[in-house]
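A.B. asks: predicted structure and sequence below. I'll ask about it afterward.
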Amino acid sequence: MLAPIIAIPADIRHLDKADWHAAQTQYVNAAVKVAKVIPLIVPALEDGHDLDAVLDRVDGVLISGSASNVHPSLYGKVATEADGPFDPARDATSLPLIRKAIERGIPLLAICRGLQELNVALGGTLASEIQEQPGIWDHRKPPVDSRDEMYAIRQPVFVQEGSCIARHLGLAGEVQVNSLHRQAIAETAPRLQVEATAADGTIEAVSVIDAKGFAVGVQWHPEYWAETDSPSRALFEAFGEAVRAYAARR
Ligand SMILES: N[C@@H](CCC(=O)NCCCC(=O)O)C(=O)O
């Protein structure tokens, strides 16, 4: 059987005086080496996309993290400069892609910004600069140069027994993860079930209620250590299995 294909919506990045449609290597590597699927990077378009044409041709969707933030207008807030940087083309591509994938039952794994997009796509809201709230840790990207240190596994989250994410991770209770975010879910979308939290109450994992298949989001970055960290590997292997099962049915 040919390796199934997944869609990864791109970011718009500016490099060499040009705009690029880009995805980070860590997501591609986790997809290819652990989930054993072929990622296609989907261009981020503010308009003119035919996402049904994309979804007719893929067997899974992986929504990656990004340093940019979902535009606050998409969850009913007035944007301030502090809420940036923004990536409207990414928003315009990811949010409808998420809704369509859920509707079609295409396996969906949403990571960090992807979890935040999942929440907004289904009607939830986000909080910014969460570290400034009383009792909330600093979940931001550590100010270091080495990416391995930046993505170091350094904080416990607590996974609910019997949850979808527990099944995919192969464990429940405390699991150690990395953390590189300054936003988080504020109001959980009606169709999302919280399945893991940090000790400070920050939502760390959700699943889609009544999903037709694999449909979870995590605030941490399992892709970065997917080859070596057991829960990270288990999550990407479970995603790959769901994608292959979808491909076989399709
Ligand atoms: N911007 C959002 C989402 C955070 C996220 O996806 N972080 C990944 C960092 C990627 C990088 O900087 O290399 C937030 O801050 O909450």
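C.D. replies: Yep, it's here.
A.B. asks: which strand or helix spans residue 207?
C.D. replies: Element membership for residue 207 (DSSP states H and E) is strand 203-208.
A.B. asks: do that strand and the ligand meet at all?
C.D. replies: No - using C-beta under 6 Å from any ligand atom, no contact is recorded between strand 203-208 and the ligand, whose separation bottoms out at 11.7 Å. In this view, the C-beta of every residue, glycine as well, is placed from N, C-alpha and C.
A.B. asks: which strands and helices lie in contact with the helix or strand following that strand?
C.D. replies: Note on strand 203-208: by DSSP H and E, the next helix or strand toward the C-terminus is strand 215-218. Judged by 3 or more C-beta pairs under 8 Å, 6 or more residues apart in numbering; DSSP states H and E, strand 215-218 is in contact with strand 108-111, helix 113-121, helix 164-169, strand 192-198, strand 203-208.
A.B. asks: could you pull up the contacting residues of the residue of the chain found nearest the ligand?
C.D. replies: Across the chain, no residue is closer to the ligand than residue 65, which sits at 2.8 Å (C-beta to the nearest ligand atom). Residues near residue 65 by C-beta atoms under 8 Å, 6 or more residues apart in numbering: 24, 111-114, 180-181, 221.
A.B. asks: determine the number of other residues adjacent to the residue lying closest to it once chain neighbours are set aside.
C.D. replies: Nearest in space to residue 65, with sequence neighbours left out and distances taken as C-beta to C-beta, 6 or more residues apart in numbering, is residue 112 at 3.2 Å. Around residue 112 there are 24 other residues, counting by other C-beta atoms under 10 Å.
A.B. asks: again, but for residue 129
C.D. replies: With other C-beta under 10 Å as criterion, residue 129 counts 13.
A.B. asks: need the residues of this protein near the ligand, please.
C.D. replies: Counting by C-beta under 6 Å from any ligand atom, the residues of the chain close to the ligand are 65-69, 112-113, 116, 141, 180-183.
A.B. asks: which secondary structure elements does the strand or helix carrying residue 12 contact?
C.D. replies: Element membership for residue 12, per DSSP H and E: strand 11-15. Where contact means 3+ C-beta pairs under 8 Å, 6+ apart, strand 11-15 is packed against strand 18-22, helix 88-104.
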